[in-house]
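Trainee: sequence-free structure coming up:
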DNA sequence: GTATTTGTTTTAAAATTTAAAATAAATACT
DNA sequence: AGTATTTATTTTAAATTTTAAAACAAATAC
(Lines give C-alpha, C1' and ligand atoms only; values in the text may rest on other atoms or scores of the structure.)
Protein backbone atom coordinates (compact mmCIF):
# COMPACT_ATOMS: atom_id res chain seq x y z
CA UNK A 1 0.00 0.00 0.00
CA UNK A 2 1.25 3.46 -0.96
CA UNK A 3 2.23 5.66 1.94
CA UNK A 4 -0.22 8.46 2.68
CA UNK A 5 0.69 11.99 1.66
CA UNK A 6 0.89 14.60 4.40
CA UNK A 7 -2.54 16.08 3.64
CA UNK A 8 -4.11 12.64 3.42
CA UNK A 9 -2.75 11.68 6.81
CA UNK A 10 -3.91 14.94 8.38
CA UNK A 11 -7.36 14.60 6.85
CA UNK A 12 -7.81 11.06 8.12
CA UNK A 13 -6.68 12.11 11.59
CA UNK A 14 -9.04 15.07 11.55
CA UNK A 15 -11.97 12.85 10.60
CA UNK A 16 -10.97 10.58 13.45
CA UNK A 17 -10.76 13.44 15.89
CA UNK A 18 -14.00 15.15 14.89
CA UNK A 19 -16.01 11.96 15.15
CA UNK A 20 -19.68 12.72 14.39
CA UNK A 21 -18.96 16.26 13.26
CA UNK A 22 -16.56 15.47 10.43
CA UNK A 23 -17.71 17.14 7.22
CA UNK A 24 -15.99 19.42 4.72
CA UNK A 25 -16.14 22.73 6.50
CA UNK A 26 -15.47 21.54 10.05
CA UNK A 27 -12.58 19.47 8.76
CA UNK A 28 -11.25 22.52 6.98
CA UNK A 29 -11.38 24.78 10.00
CA UNK A 30 -9.92 22.19 12.34
CA UNK A 31 -7.04 21.59 9.97
CA UNK A 32 -6.50 25.30 9.39
CA UNK A 33 -6.09 25.65 13.15
CA UNK A 34 -3.65 22.79 13.29
CA UNK A 35 -1.51 24.20 10.48
CA UNK A 36 -1.97 27.78 11.60
CA UNK A 37 -2.82 28.83 8.08
CA UNK A 38 -5.99 28.98 6.02
CA UNK A 39 -6.70 26.19 3.58
CA UNK A 40 -8.74 26.71 0.45
CA UNK A 41 -11.91 24.67 0.22
CA UNK A 42 -10.48 22.72 -2.69
CA UNK A 43 -7.47 21.78 -0.61
CA UNK A 44 -9.88 19.84 1.60
CA UNK A 45 -12.70 18.65 -0.64
CA UNK A 46 -10.53 17.34 -3.45
CA UNK A 47 -8.39 14.98 -1.35
CA UNK A 48 -11.40 13.99 0.78
CA UNK A 49 -13.10 12.71 -2.33
CA UNK A 50 -9.97 10.82 -3.33
CA UNK A 51 -9.67 9.24 0.11
CA UNK A 52 -13.23 8.08 -0.17
CA UNK A 53 -12.73 6.68 -3.66
CA UNK A 54 -9.76 4.70 -2.38
CA UNK A 55 -11.65 3.30 0.54
CA UNK A 56 -9.95 5.11 3.42
CA UNK A 57 -13.11 7.00 4.27
CA UNK A 58 -16.81 6.35 3.95
CA UNK A 59 -19.52 9.00 3.96
CA UNK A 60 -23.19 9.55 4.57
CA UNK A 61 -25.19 12.59 3.54
CA UNK A 62 -27.33 14.15 6.25
CA UNK A 63 -30.72 15.75 6.09
CA UNK A 64 -30.71 19.54 5.99
CA UNK A 65 -31.17 21.25 9.36
CA UNK A 66 -33.34 24.26 10.15
CA UNK A 67 -30.45 26.62 10.80
CA UNK A 68 -29.65 29.47 8.47
CA UNK A 69 -27.81 27.99 5.48
CA UNK A 70 -28.21 24.54 7.02
CA UNK A 71 -27.75 22.45 3.91
CA UNK A 72 -27.25 18.73 3.83
CA UNK A 73 -23.74 17.80 4.97
CA UNK A 74 -21.53 14.97 3.87
CA UNK A 75 -20.22 13.28 7.01
CA UNK A 76 -17.10 11.19 6.78
CA UNK A 77 -15.80 8.40 8.91
CA UNK A 78 -12.65 6.31 8.92
CA UNK A 79 -12.80 2.85 7.47
CA UNK A 80 -10.81 -0.11 8.68
CA UNK A 81 -8.57 0.45 5.70
CA UNK A 82 -8.11 4.08 6.76
CA UNK A 83 -7.05 2.99 10.23
CA UNK A 84 -4.61 0.56 8.73
CA UNK A 85 -3.07 3.22 6.48
CA UNK A 86 -2.61 5.47 9.51
CA UNK A 87 -1.01 2.64 11.40
CA UNK A 88 1.42 2.12 8.54
CA UNK A 89 2.38 5.77 8.17
CA UNK A 90 2.93 6.00 11.91
CA UNK A 91 5.27 3.04 11.83
CA UNK A 92 7.34 4.61 9.07
CA UNK A 93 7.44 7.95 10.86
CA UNK A 94 8.50 6.43 14.16
CA UNK A 95 11.23 4.52 12.44
CA UNK A 96 12.45 7.58 10.55
CA UNK A 97 12.57 9.67 13.70
CA UNK A 98 14.36 7.14 15.89
CA UNK A 99 18.07 6.85 16.58
CA UNK A 100 19.00 10.20 15.12
CA UNK A 101 22.57 11.09 16.04
CA UNK A 102 23.35 14.29 17.89
CA UNK A 103 24.48 16.81 15.28
CA UNK A 104 25.30 19.62 17.66
CA UNK A 105 22.83 21.81 15.81
CA UNK A 106 20.97 22.58 18.96
CA UNK A 107 18.03 20.21 18.83
CA UNK A 108 17.19 16.55 19.01
CA UNK A 109 13.65 15.13 19.19
CA UNK A 110 12.56 14.21 22.70
CA UNK B 1 6.92 28.36 6.27
CA UNK B 2 5.20 25.67 4.18
CA UNK B 3 4.92 22.31 5.84
CA UNK B 4 7.29 19.69 4.43
CA UNK B 5 5.86 17.00 2.18
CA UNK B 6 6.26 13.39 3.26
CA UNK B 7 9.21 12.71 0.96
CA UNK B 8 10.90 15.95 1.95
CA UNK B 9 10.64 15.08 5.63
CA UNK B 10 11.95 11.56 5.06
CA UNK B 11 14.84 12.84 2.97
CA UNK B 12 15.89 15.37 5.59
CA UNK B 13 15.71 12.73 8.30
CA UNK B 14 17.74 10.32 6.19
CA UNK B 15 20.46 12.92 5.63
CA UNK B 16 20.46 13.50 9.36
CA UNK B 17 20.75 9.81 10.09
CA UNK B 18 23.44 9.02 7.53
CA UNK B 19 25.66 11.86 8.69
CA UNK B 20 28.91 11.80 6.66
CA UNK B 21 27.63 9.17 4.24
CA UNK B 22 24.61 11.05 2.95
CA UNK B 23 24.66 11.18 -0.85
CA UNK B 24 22.14 10.23 -3.54
CA UNK B 25 22.54 6.48 -3.66
CA UNK B 26 22.99 5.82 0.06
CA UNK B 27 20.01 8.03 0.77
CA UNK B 28 18.01 6.09 -1.78
CA UNK B 29 18.83 2.69 -0.35
CA UNK B 30 18.28 3.76 3.24
CA UNK B 31 14.91 5.19 2.35
CA UNK B 32 13.95 2.18 0.27
CA UNK B 33 14.58 0.05 3.33
CA UNK B 34 12.50 2.33 5.51
CA UNK B 35 9.56 2.28 3.12
CA UNK B 36 10.04 -1.36 2.22
CA UNK B 37 9.78 -0.57 -1.45
CA UNK B 38 12.22 0.51 -4.12
CA UNK B 39 12.43 4.16 -5.04
CA UNK B 40 13.46 5.34 -8.48
CA UNK B 41 16.58 7.46 -8.62
CA UNK B 42 14.53 10.44 -9.72
CA UNK B 43 12.31 10.08 -6.68
CA UNK B 44 15.38 10.90 -4.60
CA UNK B 45 17.54 13.21 -6.70
CA UNK B 46 14.76 15.53 -7.81
CA UNK B 47 13.47 16.46 -4.34
CA UNK B 48 17.04 16.54 -2.94
CA UNK B 49 17.87 19.26 -5.41
CA UNK B 50 14.75 21.16 -4.46
CA UNK B 51 15.55 20.90 -0.75
CA UNK B 52 18.95 22.32 -1.43
CA UNK B 53 17.60 25.14 -3.54
CA UNK B 54 15.26 26.07 -0.70
CA UNK B 55 18.01 26.05 1.86
CA UNK B 56 17.06 22.98 3.90
CA UNK B 57 20.18 21.14 2.81
CA UNK B 58 23.69 22.13 1.80
CA UNK B 59 26.07 20.00 -0.21
CA UNK B 60 29.72 19.49 -1.01
CA UNK B 61 31.11 17.46 -3.86
CA UNK B 62 33.81 14.96 -2.96
CA UNK B 63 36.90 13.87 -4.81
CA UNK B 64 36.59 10.58 -6.69
CA UNK B 65 37.83 7.52 -4.80
CA UNK B 66 39.92 4.66 -6.19
CA UNK B 67 37.12 2.08 -5.99
CA UNK B 68 35.52 0.66 -9.06
CA UNK B 69 33.01 3.21 -10.31
CA UNK B 70 34.08 5.55 -7.50
CA UNK B 71 32.94 8.82 -8.98
CA UNK B 72 32.70 12.09 -7.13
CA UNK B 73 29.74 12.10 -4.76
CA UNK B 74 27.53 14.95 -3.70
CA UNK B 75 27.30 14.83 0.10
CA UNK B 76 24.40 16.57 1.78
CA UNK B 77 23.95 17.90 5.25
CA UNK B 78 21.11 19.50 7.13
CA UNK B 79 21.10 23.23 7.52
CA UNK B 80 19.75 25.11 10.50
CA UNK B 81 16.72 25.87 8.38
CA UNK B 82 16.30 22.16 7.68
CA UNK B 83 16.35 21.38 11.38
CA UNK B 84 13.77 24.06 11.97
CA UNK B 85 11.47 22.68 9.28
CA UNK B 86 11.72 19.23 10.87
CA UNK B 87 10.93 20.71 14.23
CA UNK B 88 7.84 22.34 12.78
CA UNK B 89 6.54 19.25 11.02
CA UNK B 90 7.05 17.22 14.18
CA UNK B 91 5.01 19.69 16.18
CA UNK B 92 2.14 19.48 13.71
CA UNK B 93 2.31 15.69 13.65
CA UNK B 94 2.32 15.38 17.42
CA UNK B 95 -0.62 17.68 17.66
CA UNK B 96 -2.55 15.81 14.98
CA UNK B 97 -1.92 12.46 16.64
CA UNK B 98 -2.83 13.52 20.17
CA UNK B 99 -6.16 13.17 21.94
CA UNK B 100 -7.70 10.85 19.40
CA UNK B 101 -10.93 9.37 20.77
CA UNK B 102 -11.37 5.63 21.00
CA UNK B 103 -13.39 4.57 17.98
CA UNK B 104 -13.70 0.92 18.85
CA UNK B 105 -12.03 0.06 15.57
CA UNK B 106 -9.40 -2.00 17.30
CA UNK B 107 -6.47 0.36 17.47
CA UNK B 108 -5.34 3.57 19.13
CA UNK B 109 -1.82 4.98 18.95
CA UNK B 110 0.30 4.21 22.00
C1' DG C 1 -38.26 38.39 -4.07
C1' DT C 2 -33.52 39.52 -2.80
C1' DA C 3 -29.79 38.92 0.36
C1' DT C 4 -27.03 36.19 3.24
C1' DT C 5 -25.21 32.00 5.09
C1' DT C 6 -23.64 27.29 4.92
C1' DG C 7 -21.97 23.84 2.13
C1' DT C 8 -20.20 21.10 -2.08
C1' DT C 9 -18.41 20.85 -6.85
C1' DT C 10 -15.82 22.19 -10.67
C1' DT C 11 -11.92 23.87 -12.99
C1' DA C 12 -7.54 25.31 -14.50
C1' DA C 13 -2.82 26.40 -13.38
C1' DA C 14 1.14 25.22 -10.73
C1' DA C 15 3.88 22.03 -8.44
C1' DT C 16 5.27 17.53 -7.20
C1' DT C 17 6.01 12.71 -7.97
C1' DT C 18 7.40 8.83 -10.66
C1' DA C 19 9.77 5.98 -13.89
C1' DA C 20 12.81 5.61 -17.54
C1' DA C 21 16.52 6.97 -20.29
C1' DA C 22 20.63 9.56 -20.81
C1' DT C 23 24.92 11.02 -19.33
C1' DA C 24 29.34 10.86 -16.79
C1' DA C 25 33.36 9.10 -14.81
C1' DA C 26 35.66 5.74 -12.50
C1' DT C 27 38.05 0.75 -12.54
C1' DA C 28 38.42 -4.14 -14.70
C1' DC C 29 39.36 -7.20 -18.29
C1' DT C 30 41.18 -8.99 -22.62
C1' DA D 1 44.18 0.45 -26.24
C1' DG D 2 39.55 -0.63 -26.40
C1' DT D 3 35.33 -2.61 -24.37
C1' DA D 4 32.65 -3.84 -20.38
C1' DT D 5 31.04 -3.01 -15.87
C1' DT D 6 30.11 -0.30 -11.84
C1' DT D 7 28.91 3.78 -9.29
C1' DA D 8 26.75 8.07 -9.54
C1' DT D 9 24.08 12.23 -11.15
C1' DT D 10 21.05 14.59 -14.54
C1' DT D 11 17.39 15.06 -17.61
C1' DT D 12 12.87 14.44 -19.23
C1' DA D 13 8.13 13.52 -19.93
C1' DA D 14 3.83 11.71 -18.18
C1' DA D 15 0.88 11.16 -14.34
C1' DT D 16 -0.77 12.79 -10.17
C1' DT D 17 -1.49 15.98 -6.58
C1' DT D 18 -1.99 20.51 -4.75
C1' DT D 19 -3.80 25.09 -4.74
C1' DA D 20 -6.76 28.92 -5.44
C1' DA D 21 -10.68 30.77 -7.41
C1' DA D 22 -15.09 30.62 -9.26
C1' DA D 23 -19.39 28.37 -9.77
C1' DC D 24 -23.20 26.15 -8.03
C1' DA D 25 -26.77 24.66 -4.59
C1' DA D 26 -29.94 24.96 -0.98
C1' DA D 27 -31.20 26.61 3.23
C1' DT D 28 -33.11 30.81 6.30
C1' DA D 29 -33.63 36.08 6.95
C1' DC D 30 -35.31 40.39 5.66
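Mentor: Received it, and whenever you're ready, just let me know what you need. This structure is a prediction, so every number in the text was calculated from the model and none was measured. Numbering: from 1, shown residues only, chains lettered A, B, ... in the order given.

Trainee: near DNA strand C, which residues of chain A show up?
Mentor: Residues of chain A lying near DNA strand C by Cβ under 7 Å from any atom of the strand: A:2, A:23-26, A:41-42, A:45-46, A:49, A:67-74. Where C-beta positions appear, they are placed from N, C-alpha and C, glycine not excepted.

Trainee: Can you select the buried ones among these for me in PyMOL?
Mentor: In PyMOL, this line selects whichever of the residues of chain A next to DNA strand C come out buried by 16 or more other Cβ atoms under 10 Å in any protein chain shown:
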select buried, chain A and resi 23+24+73+74
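
Trainee: Go back to the residues of chain A next to DNA strand C and keep what's next to DNA strand D.
Mentor: Counting by Cβ under 7 Å from any atom of the strand, A:41, A:42, A:46, A:67, A:68, A:69, A:70, A:71, A:72 from the residues of chain A next to DNA strand C sit close to DNA strand D.

Trainee: now, which of the residues you listed lie within helices?
Mentor: Mapping those onto helices (DSSP state H) picks out A:42, A:46.

Trainee: Let me know the closest of the ones next to DNA strand D among the residues of chain A next to DNA strand C to DNA strand D.
Mentor: residue A:42 (2.2 Å; Cβ to the nearest atom of the strand).

Trainee: Format the ones next to DNA strand D among the residues of chain A next to DNA strand C as a markdown table; extra columns: distance to residue B:58.
Mentor: As requested, these are exported to a markdown table (distance: Cβ to Cβ, whole Å):
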| residue | distance to residue B:58 |
| --- | --- |
| A:41 | 38 |
| A:42 | 35 |
| A:46 | 35 |
| A:67 | 54 |
| A:68 | 55 |
| A:69 | 52 |
| A:70 | 54 |
| A:71 | 51 |
| A:72 | 53 |
